[in-house]
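In: Compute the structure for the input listed below.
(one chain, ligands or ions: 1)
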Amino acid sequence: MRHILHVVGARPNFVKAAPVLRALNQRGIRQTLVHTGQHYDRNMSDVFFSQLEIPEADVNLGVGSGSHAAQTAEIMQRFEPVVLTYKPDIVLVYGDVNSTVAAALVCAKISVPVAHVEAGLRSFDRTMPEEINRMVTDRLSDLLFTPSEDGDANLRNEGVAPEKIHRVGNVMIDSLLRLLPAAKDCPRNGFPDRMALVTLHRPSNVDNAGNLQRILDSLRQASERIDIVFPVHPRTRQRIADLGIATPKLHLHDPLPYIEFLSLQARATVVITDSGGIQEETTYLGVPCLTLRKNTERPITVSLGTNVLIGEDPSRIGAELSNILDGKMKQGTVPPLWDGSAAQRIADILHTT
Ligand code: UD1
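Out: Residues are numbered from 1 along each chain as shown. Predicted structure coming up:
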């Protein structure tokens, strides 16, 4: 490939693209970086660019927030002329956010090849917006880079030609390994020594006031046994404020930069989350993870890693927390190819394509 154009838009994309940009740069390949502007707050975007040493985007589409249809359509409209101007040989898209599917659709319609990093993951739950994004993006992609064996199997079952599928491992772990030393040196910044770390932003958990109230009640109870640190996604912030849950041991924060968040994950007693990437990071770190979802598109974190799916009924938090505090936590291993070299494998393939 002579010229590769990357599309990023939301926080998890930045973590995935950083090592790929670096690996391709080492090979002297021409690269263009497009930021859709899906995430735009300083602590959801700029801080990630600086900590992960991502070069400034060549183009920022500045789309901002909106309904799924509005956001996806806006990205498509603004991205098409960029592709036509830059004329890349291939476009790399990452993960499963609206920016990913929007860019893939644009490219497919003007016959620009697409490569999908983190292909093949499936929750088999079409009520998740990300599942739609994953399915459509994979369908449209010419090269599919998977993080684990289940991704290959899902794609083969959907009829994707085997020669398009490349199991490269997990690029998120490349970023984690690069910045773990910095995270371990990170000052405590007043965070408690022993704590449970919480993140929540899935619509199924936070958009329904009743569900969110039940989760917060369980966290409030858990905070009687362990300090809880909860960096709150913008989507969740207003809803929590409306419900009012202050307790002395439940600490709410703005979203944290990558290194600070990784430092908390690495030393947490347990992580309670509904994020996809955090299920993977805790598996790598060997930290117990309770996932507040009915399903996961990352089943390897359950079969091999430390992840326990506790469903959407938060009453299980208490019992699982007791096991962990008693030292009876699930033991895990690191999945194959989650070794810090996934981006190098992607670069090798793109270099010779
Ligand atoms: C998106 C992804 C989700 C990913 C998450 C990571 C989709 C469908 N979802 O969800 O898969 O796990 O990012 O964070 O793409 N907002 C801000 N500042 C920002 C960005 C968003 O305040 O910088 C607020 C806006 O009110 C917005 C809401 O957050 O309406 C949701 O943002 P959006 O990008 O639509 O989805 P996320 O929930 O962030």
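In: Which positions in the stretch 1-150 of the chain make contact with the ligand?
Out: Residues of the stretch 1-150 of the chain found near the ligand (C-beta under 6 Å from any ligand atom) are 10-12, 38-41, 44, 65, 96-98, 129-130. In short, each C-beta sits where N, CA and C put it, glycine included.
In: Separate out the buried members of these.
Out: 10-12, 38-40, 44, 96-98, 129-130 (16 or more other C-beta atoms under 10 Å).
In: Now that we have the residues you listed, can you turn them into TSV and tack on secondary structure and pLDDT?
Out: Below are those laid out as TSV (DSSP: H, G, I helix; E, B strand; the rest coil; pLDDT from 0 to 100):
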residue	secondary structure	pLDDT
Ala10	coil	97
Arg11	helix	96
Pro12	helix	97
Gln38	coil	98
His39	coil	97
Tyr40	coil	96
Met44	helix	94
Asp96	coil	98
Val97	coil	98
Asn98	helix	98
Pro129	helix	96
Glu130	helix	97
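In: Out of these, the closest to Ile165 would be?
Out: Sorting these by how near they are to Ile165, with C-beta to C-beta, puts Asp96 at the top with 17.1 Å.
In: thought the closest one was touching Val117?
Out: No. Here Asp96 does not reach Val117: they are 10.7 Å apart, not a contact under C-beta atoms under 8 Å.
In: Please identify the helix or strand for Gln238.
Out: Here Gln238, judged by DSSP states H and E, is contained in helix 234-243.
In: Please compute how far that helix lies from its chain's middle.
Out: On the basis of C-alpha atoms, centre = their mean, to the nearest Å, helix 234-243 sits 21 Å off its chain's mean C-alpha point.
In: Pull the residues that contact the helix or strand bottoming out on mean pLDDT in the chain.
Out: Lowest mean confidence among the helices and strands of the chain (mean pLDDT, DSSP states H and E): helix 234-243, at a mean of 79. Residues from elsewhere that reach helix 234-243 (C-beta atoms under 8 Å, 6 or more residues apart in numbering): 41, 44, 200-201, 206-207, 209, 212-213, 216, 232, 252, 255.
In: Which ones among those map onto helices?
Out: 206, 209, 212-213, 216 (DSSP state H).
In: Please list which of those also come close to the ligand.
Out: Okay, of those, nothing touches the ligand (C-beta under 6 Å from any ligand atom).
In: Would you mind confirming that Gln344 makes contact with Leu24?
Out: No. Look at Gln344 against Leu24 with C-beta under 8 Å: they stay out of range, at 9.9 Å.
In: so Leu92 sits in a helix?
Out: No. Under DSSP: H, G, I helix; E, B strand; the rest coil, Leu92 sits outside any helix and is assigned strand.
In: what's the neighbour count on it?
Out: If you count neighbours by other C-beta atoms under 10 Å, Leu92 ends up with 28.
In: Is it bridged to anything, and to what?
Out: Judged by DSSP bridges, the bridge partners of Leu92 are His6, Ala115.
In: pLDDT score for it?
Out: The confidence metric pLDDT takes the value 98 at Leu92.
In: Can you tell me which residues in the stretch 151-300 of the chain are near the ligand?
Out: Checking the stretch 151-300 of the chain against the ligand by C-beta under 6 Å from any ligand atom, the hits are 201, 233-235, 275.
In: wait, which of these is closest to the ligand?
Out: Using C-beta to the nearest ligand atom, Pro234 comes nearest to the ligand of those, at 3.1 Å.
In: Could you measure from the closest one over to Val287?
Out: 25 Å (C-beta to C-beta, to the nearest Å).
In: Look at the two and report which has more neighbours.
Out: More neighbours surround Val287 than the other of Pro234 and Val287, with 22 against 14 (other C-beta under 10 Å).
In: show me what contacts the more buried one?
Out: Val287 touches 265-266, 268, 270-271, 306, counting by C-beta under 8 Å, 6+ apart.
In: at 6 Å instead, please
Out: Residues counted as contacts of Val287 (C-beta atoms under 6 Å, 6 or more residues apart in numbering) are 268, 271.
In: Next: Gly340.
Out: 174, 177.
In: now swap in Val15 and tell me
Out: Contacts of Val15 by C-beta under 6 Å, 6+ apart are 172, 175.
In: That one: what secondary structure?
Out: helix.
In: Check which helices and strands the longest helix seen in the chain is in contact with.
Out: For the chain, the helix with the greatest residue count under DSSP H is helix 68-86. Counting by 3 or more C-beta pairs under 6 Å, 6 or more residues apart in numbering; DSSP states H and E, the packing neighbours recorded for helix 68-86 are helix 98-109.
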